[in-house]
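[1] The sequence and its predicted three-dimensional model are supplied below.
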Amino acid sequence: MTTRIGHQNGVIRICVDRLEGEQIGGRVLSQRLTAPMDFSDLGSLLLQLEALLERQNFPQAFQRIRSFTGSVQEHAESLLPEGALTKEAVERARGKMATFVLHILTRRNATWQGVLEWLEGERRARFSSELELLKALNGHLEEAGQEKPSHDGSLESRDSPFIPHPPGGGASPSDRR
């Protein structure tokens, strides 16, 4: 039986297992994959995810390269692959350093838009570009690295906002949309 990719089963889980200075590494799991996909840095993460989105054509790119000569490129149907990871296996996966759930909702203006959830920090952030996604990931990882044990044994975070607001307490440019 073939199942179409949707926003429920197209969710991507990013498990960060290694954080060495500015370099992160880990695994990506999703029902869109047949096995976990390893990444060694943020650049390889973005490139591999873009290749996955293009290969599976979900969400569809708003812009496509067109040509008046040559053959027309066919785009694949948005179907889950045979032998895909189960929903339970994806939901059980946790990173050693941090775990994120990535919802890519659209791909407009040659970039991604969606929501990033940080499971350990119980926070969500909207992003309207891959750069904003990278900033959010870095912000979460910096915050996770600054956590210290509190007096009651739980973890508390030092003053490090997820996405900093401009001076004066106004909304950031992404909040004004």
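    Great, that's in hand.

[2] List the residues that contact Arg27.
    Ile14, Cys15, Asp17, Pro36, Met37, Asp38, Phe39, Ala93, Gly95 (CB atoms under 8 Å, 6 or more residues apart in numbering). From N, CA and C alone the C-beta is placed, and that goes for glycine too.

[3] Which ones among these lie within strands?
    Ile14, Cys15, Asp17, Met37, Asp38, Phe39 (DSSP state E).

[4] any chance of the residues you listed in a markdown table, plus neighbour count, distance to Gln23 and pLDDT?
    Below are those laid out as a markdown table (neighbours: other CB atoms under 10 Å; distance: CB to CB, whole Å; pLDDT from 0 to 100):
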| residue | neighbour count | distance to Gln23 | pLDDT |
| --- | --- | --- | --- |
| Ile14 | 24 | 15 | 94 |
| Cys15 | 21 | 16 | 96 |
| Asp17 | 16 | 12 | 95 |
| Met37 | 20 | 17 | 92 |
| Asp38 | 14 | 14 | 95 |
| Phe39 | 21 | 11 | 95 |
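
[5] between these, which is closest to Leu45?
    Leu45 has its nearest neighbour among these in Phe39, at 4.1 Å by CB to CB.

[6] shaky segments in the chain?
    1-10, 58-81, 146-177 (pLDDT under 70).

[7] need the strands for it, in chain order.
    So, for the chain - with DSSP E - the strands run 12-20, 23-30, 37-39, 98-106, 113-118, 123-127, 148-149, 155-156.

[8] So which of those strands is nearest Thr86?
    strand 23-30 (10.2 Å).

[9] Pull out the buried positions in that closest one.
    Going by neighbour count (16 or more other CB atoms under 10 Å), the buried part of strand 23-30 is Ile24, Gly25, Gly26, Arg27, Val28, Leu29, Ser30.
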